[in-house]
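Colleague: Got a predicted model here, sequence first, then my questions.
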Amino acid sequence: MIGIFLGLALLIILAYRGWSIIWIAPICSGVVAIFGGLDLLDAYTNTYMQGFVDFTKSWFPVFMLGAIFGKLMEFSGMAQSVAHGIIKLFGEKQAIVGVIMASAVLAYGGISVFVVVFAVYPLAVSMFRQADIPRKLMPATITAGMMTFAMTALPGTPQIQNLIPMDYFNTTAAAAPIMGLAATLVMAGGSYFYLKKREQNLKKAGYGFEEFEKDKETNGKLVENPPHILLSLLPLISVIITLNVLKWDIVVCLLVGILLIIVFSLSKIKGMVSALNQGASDSVMAMINTSAAVGFGTVVRVVPGFQKLSDYILGIDANPLISMAIASNVLSGATGSASGGLGITMEALGHKYNEIAASSGIAPEAFHRIASIASGGLDALPHNGAVITILIVTGLTHKQSYRDLAVVAIVFPILSLIPAILLASVGIY
């Protein structure tokens, strides 16, 4: 068990310092293997790589098609059109709620968070400028929409954090809708009121919107004459409906969305190959990063100390949903990835929790929803890739904006587990 904790600590520290998880995950796995009495070479070439390959085999089509879908939405101007329409709906004075909702709609429609930030940022700059809101709140505002309730809690979201538990609990993407909506209220409501209070306090202290040199380039990133918002919403809606109503496989759902974008954007067909290539390329790096984290978890799972650790987690004298929430949160925080941490949790403990669901009378759907929500808590620690991307895109630093980002992306998601678990405890899912 010492090796497991040392390996996890080393992974967190090195990732926080900016070292790529692609090569530090095998090193940290080696630490776990040595303390666990495993053969070092075999632990890497067989155990680690088997976990890496298995996860890639299962999820690469989703990663690739999701990235292509998002990139085509961005290239066609549809993502911009949706974001602009939603922000305009709420008006100049409600820039915070407008940006939150724009980010959430794009994320709930299946667009990768790494694409959402690029689509929303230019419009967020304009809205924050008009409302004179301090720029330091922009990362937290965008994050509140795309990395919280829309990613893990809203029933039917096609984000991978909501799809991974399906295979282990034989559930659907809309599992435990009441629990998910309760958690959504905590995350969305809490984030909005917190950010509005922070806006008021900062304005009283004399802070306002700060112009950056990069703002001059913002308008150049906007697509001229984007499609109408109603047309732009169709690919997003098609993914949600085919996944949740028609119960199609997520791969087919994403293909439908991609085909609709292509059909609606035939006038831009010449530049579409470049967007397709870029989306496919982006998916490879995301896939490798996540699979590297899962490979680390695979090594952890086979050392003798893990059985003691899992017995301890499973033996927590409380509702088993609490131990599931702890496991998913801790491993997501260790890897700096909600999907990576959740993948490790499900591979290691998913089948055991499914057995607990059968024997305890708690619906598997409840375990699905708790696992998904919990993966979106500690994952947003400073070394998270999406967090770093958001700060880079907005031109801010951890020192300037991470405090507010952490509140909306860590504190409220963890708090949202409370009403979800309470509802499950009384049989309301």
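Modeller: Noted; the coordinates are in hand.

Colleague: pull the helix or strand with minimum mean pLDDT from this protein.
Modeller: One helix or strand of the chain scores below all others by mean pLDDT, DSSP states H and E: helix 304-314, with a mean of 80.

Colleague: tell me what the next helix or strand after that one is packed against?
Modeller: Next along the chain after helix 304-314, taking DSSP states H and E as the criterion, comes helix 320-335. With contacts taken as 3 or more Cβ pairs under 8 Å, 6 or more residues apart in numbering; DSSP states H and E, helix 320-335 sits against helix 2-16, helix 269-302, helix 304-314, helix 338-345, helix 351-360, helix 364-375, helix 412-425. Where you see a C-beta, it was placed from the backbone N, CA and C, and this is true even at glycine.

Colleague: So what touches helix 320-335?
Modeller: The contact list for helix 320-335 (Cβ atoms under 8 Å, 6 or more residues apart in numbering) reads 8, 11-12, 15, 21, 293, 296-297, 313-314, 316, 338, 340-342, 344-345, 349, 353, 356, 360, 362, 366-367, 370-371, 373-379, 381, 414, 417, 421, 424-425.

Colleague: what's the angle from it to helix 2-16?
Modeller: Between helix 320-335 and helix 2-16, the angle comes out at 50 degrees (axes from the mean of the first three to the mean of the last three Cα atoms, to 10 degrees).

Colleague: Centre of the chain to helix 320-335, how far?
Modeller: 15 Å (Cα atoms, centre = their mean, to the nearest Å).

Colleague: Make CSV out of the helices and strands packed on helix 320-335 and add distance to D42 and mean neighbour count.
Modeller: Formatted as CSV, those follow (distance: least, Cβ to Cβ, whole Å; neighbours: other Cβ atoms under 10 Å):
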stretch, distance to D42, mean neighbour count
helix 2-16, 16, 18
helix 269-302, 10, 20
helix 304-314, 15, 15
helix 338-345, 20, 30
helix 351-360, 24, 16
helix 364-375, 30, 29
helix 412-425, 38, 21
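
Colleague: any chance of those in TSV, with distance to I388 too?
Modeller: Shown next, in TSV, are these (distance: least, Cβ to Cβ, whole Å):
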stretch	distance to I388
helix 2-16	10
helix 269-302	12
helix 304-314	29
helix 338-345	14
helix 351-360	31
helix 364-375	18
helix 412-425	19
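
Colleague: looking at the ones you listed, which is closest to L72?
Modeller: helix 269-302 (5.5 Å; Cβ to Cβ).

Colleague: wait, L202 sits on P134?
Modeller: Yes: in this structure, L202 is within contact of P134 by Cβ atoms under 8 Å, at 4.7 Å.

Colleague: Tabulate the CA atom coordinates of the least confident helix or strand of the chain in PDB.
Modeller: Extracted in PDB, the C-alpha atoms of helix 304-314 (Å, rounded to 0.1, in the frame of the first residue of the first chain):
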ATOM      1  CA  PRO A 304      -1.300  -7.200  -3.400                       C
ATOM      2  CA  GLY A 305      -1.800  -3.900  -1.500                       C
ATOM      3  CA  PHE A 306      -4.700  -2.900  -3.700                       C
ATOM      4  CA  GLN A 307      -6.800  -5.700  -2.300                       C
ATOM      5  CA  LYS A 308      -6.400  -4.300   1.200                       C
ATOM      6  CA  LEU A 309      -7.100  -0.700  -0.100                       C
ATOM      7  CA  SER A 310     -10.200  -1.800  -1.900                       C
ATOM      8  CA  ASP A 311     -11.400  -3.800   1.100                       C
ATOM      9  CA  TYR A 312     -10.900  -0.600   3.200                       C
ATOM     10  CA  ILE A 313     -12.900   1.500   0.700                       C
ATOM     11  CA  LEU A 314     -15.600  -1.100   0.300                       C
END
